[in-house]
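Visitor: I need the structure of the sequence given here:
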Amino acid sequence: MTFNKHPWWGTIEYNEWQESVIPETYRRPQIAYPDLEEIKTRAPAAVTIGQEVEQPGMYIDQSLKAYLNQKRGGHYDGSGPFEWGYGPYIYPSQMLRLFFKDVGDRIWEWAHETPSEQGCGSHWHFRPNDDRVRMFVSHRVEYWTIAMNTINEMLPILLPFLIHGIRAFQDVPRSSAGRWASPRYRRWSERSVAEVLANPYFSHHEYKIYEFNGASYGGKPLTIEIRLAETHPIIAAAGQRILSYILNHYFKKLEQSIAGGARPDISPKFTEEGKRQAKKLYNDVVYTRHDLWNKMENYGPVIFQPGRGPTYLFTKRFLKNEYRTFYELFAYTVYEQLALYPEKERNKDWFWRVLWLLYNKGVPAEEKLNLWDAYTHEGDDFQWETAPAYTDRLPKPEEMLS
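Guide: Predicted structure coming up:
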C-alpha cells in the first residue's frame, strides 16, 4: 500500500509505518549490532531534512510560480502565502542547490510576512534518517526522543537562523509569531514519543516553536517541524546543517553506548537555572519582541548538567558545560565551523558567508538581495551590509562578546 504523493516528502510506503509502530512492552530483541569501528566509518547521516517555503504569491514571477505549481507542489493552503516544498534530503545543500536552480534570475526581496501580516518563511522539517535508525532498529524511540530533547535544549542557539528581522539592526520576529509558533520548553519521555510513533495517523497541531508534524496531511511521513522560521532558505539551510551536526553528535553517543554496553544520559540537558534562562529568552524574543542579539548577550548563565553539554561537536577544543550567555554558546558553536575552513577557502561558499553574517550579529532583513548573492557570488570578496568585511582574520569568540 502506498500513500499519496506529498509535494515535499514524496511517496511513502506503508510498511515504513509498520516498522515505526512501537510494542507496548519495552523489551528489545537480541540483534547483532554494528561494532564501534563500523559506527565510526559507515554510519549514515543523522537526519533527513526538508523545507516548506512560504512567500507572498504576488512577489513571485508568474512563470516561476507556474513551474513551482507543477514541479514542487506549489499551492495556497489557507494560511495565506503561496507555498512549495523541498525534501527529504540528506544534506541541506542539496535542497539549496535545487531552490536556486528553480529560481534562476527571477529573484525578489524576501518577505517574512504577506502585506496582510500572514506569516512567511522557510519552515524546517526533519526526522532521524531511516537508514541510520535501521542500524539499531529496536532503538527507534531513543533516536526520536534524543532529537526532540536536543532541539528543546539547543533551540536558543538556532534562533538567529530562524528570525528574519523587520527593521534596521533589530532582529525581532513578526508581531503574530506568538500565535503560530509559541514558546515551549518540554523534556520528552520515551513513552510520550513512543505514543506518537505508534500512531501512523498522528495529526495533532499545537502551534509551538517546534512540534511533531503528523502524517495524515497528504500522506507525508512524521517529521519534527520548527515553525518559527521566517528566514530565506539560505539562512535556514545553514541552521539545518548545524542542527544535523549536533544531532549526529548525540546519535553517536547513543550508538556507542549500545555497542559498548553502557547507557549514559544521552541528549543535552540544562540545569534548572539554564532552563529558566531559556524560557526567559523565548518569551522575551517571541512575545515581547525584544532584540534577539541583545537578549542572547544578556541572558545567562547557560548551564548544562554535568556531561550533558554540546561537547566537541566539530573539534575537541571546547568541553564546557557552562557559558556566560546564550550568545557565547552560539559564538563557540559557529566559530568551530568557521575555523574548520582553510584560510584560502573562507568567504567563498554560502555556508561560511551565512555563519559570518550571524557570528557578527547581522540582520537578514537588512541584506535584501545579498541573501541571493551569498549563494551565487564567486570569489572571496563577497560583502554583507550588516557584518564587517572579512579581512583574513577570524576573531575568536572571546573577542565577539560584549
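
Visitor: Compute the number of surrounding residues for the closest residue in space to residue 148 that isn't next to it in sequence.
Guide: Once flanking residues are discounted, residue 148 sits nearest to residue 188: 4.3 Å by CB to CB, 6 or more residues apart in numbering. C-beta coordinates here come from the backbone N, C-alpha and C atoms, glycine included. Neighbour count of residue 188, defined by other CB atoms under 10 Å: 18.

Visitor: Residue 188 reaches residue 150, doesn't it?
Guide: No. Look at residue 188 against residue 150 with CB atoms under 8 Å: they stay out of range, at 10.1 Å.

Visitor: What segments of the stretch 301-402 of the chain are strands?
Guide: For the stretch 301-402 of the chain, applying DSSP state E, counting those that start in this stretch gives strands covering 302-303, 322-323.

Visitor: Please tell me how far residue 279 sits from residue 271.
Guide: Residue 279 is 13 Å from residue 271, where distance means CB to CB, to the nearest Å.

Visitor: residue ranges of the strands in the stretch 151-300 of the chain, please?
Guide: 210-213, 223-226.

Visitor: most tightly surrounded among those?
Guide: Ranked by mean neighbour count, those are led by strand 223-226 with a mean of 23 (mean count of other CB atoms under 10 Å).

Visitor: and that strand, average pLDDT?
Guide: Strand 223-226 carries an average pLDDT of 91.

Visitor: so how far is it off the chain centroid?
Guide: How far strand 223-226 lies from its chain's middle: 9 Å, per CA atoms, centre = their mean, to the nearest Å.

Visitor: among the strands of the stretch 151-300 of the chain, which is nearest residue 376?
Guide: strand 223-226 (26.0 Å; CB to CB).

Visitor: Can I get the closest one as PDB, trimmed to CA atoms?
Guide: The C-alpha trace of strand 223-226 is given here as PDB (Å, rounded to 0.1, in the frame of the first residue of the first chain):
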ATOM      1  CA  THR A 223       8.600  14.900  11.000                       C
ATOM      2  CA  ILE A 224       9.700  17.400  13.600                       C
ATOM      3  CA  GLU A 225       8.800  20.900  12.400                       C
ATOM      4  CA  ILE A 226      10.400  24.100  13.500                       C
END
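
Visitor: Provide the contact partners of that strand at residue level.
Guide: Residues from elsewhere that reach strand 223-226 (CB atoms under 8 Å, 6 or more residues apart in numbering): 9, 50, 52, 123-127, 147-148, 151, 155, 158, 162, 209-213.

Visitor: could you redo the last one with a cut-off of 6 Å?
Guide: The contact list for strand 223-226 (CB atoms under 6 Å, 6 or more residues apart in numbering) reads 123-127, 210-211, 213.

Visitor: Can you add distance to residue 375 and pLDDT and give the residues you listed back as JSON lines?
Guide: Shown next, in JSON lines, are the contacts of strand 223-226 (distance: CB to CB, whole Å; pLDDT from 0 to 100):
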{"residue": "123", "distance to residue 375": "20", "pLDDT": "89"}
{"residue": "124", "distance to residue 375": "18", "pLDDT": "92"}
{"residue": "125", "distance to residue 375": "21", "pLDDT": "93"}
{"residue": "126", "distance to residue 375": "21", "pLDDT": "94"}
{"residue": "127", "distance to residue 375": "26", "pLDDT": "94"}
{"residue": "210", "distance to residue 375": "26", "pLDDT": "87"}
{"residue": "211", "distance to residue 375": "29", "pLDDT": "90"}
{"residue": "213", "distance to residue 375": "27", "pLDDT": "88"}
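
Visitor: pLDDT score assigned to the residue nearest to residue 148?
Guide: Reported pLDDT for residue 188: 91.

Visitor: any idea how far it is from residue 280?
Guide: Remark: distance between residue 188 and residue 280 (CB to CB) = 21 Å.

Visitor: how about the strands of the stretch 301-402 of the chain, which one is nearest residue 77?
Guide: Once those are compared by CB to CB, strand 302-303 is nearest, at 37.2 Å.

Visitor: So which elements touch the closest one?
Guide: helix 272-286 (3 or more CB pairs under 6 Å, 6 or more residues apart in numbering; DSSP states H and E).

Visitor: May I see the buried residues of the helix it packs on?
Guide: Buried residues in helix 272-286, defined by neighbour count with 16 or more other CB atoms under 10 Å: 274-275, 277-279, 281-286.

Visitor: Need the max-distance pair from the residues you listed.
Guide: Of all the pairs that these form, the one spanning the most space (CB to CB) is 274 and 286, at 18.5 Å.

Visitor: shaky segments in the stretch 101-250 of the chain?
Guide: Counting by pLDDT under 70, the stretch 101-250 of the chain has low-confidence residues at 166-181, 215-219.

Visitor: still on that earlier bit, quick one: which of the strands of the stretch 151-300 of the chain is nearest residue 101?
Guide: Of the strands of the stretch 151-300 of the chain, nearest to residue 101 by CB to CB is strand 223-226, at 23.8 Å.

Visitor: how close does residue 234 sit to residue 398?
Guide: 28 Å.

Visitor: quick one: which of these two has more around it?
Guide: Neighbour totals were compared for residue 234 and residue 398, and residue 234 leads with 26 against 10 (other CB under 10 Å).
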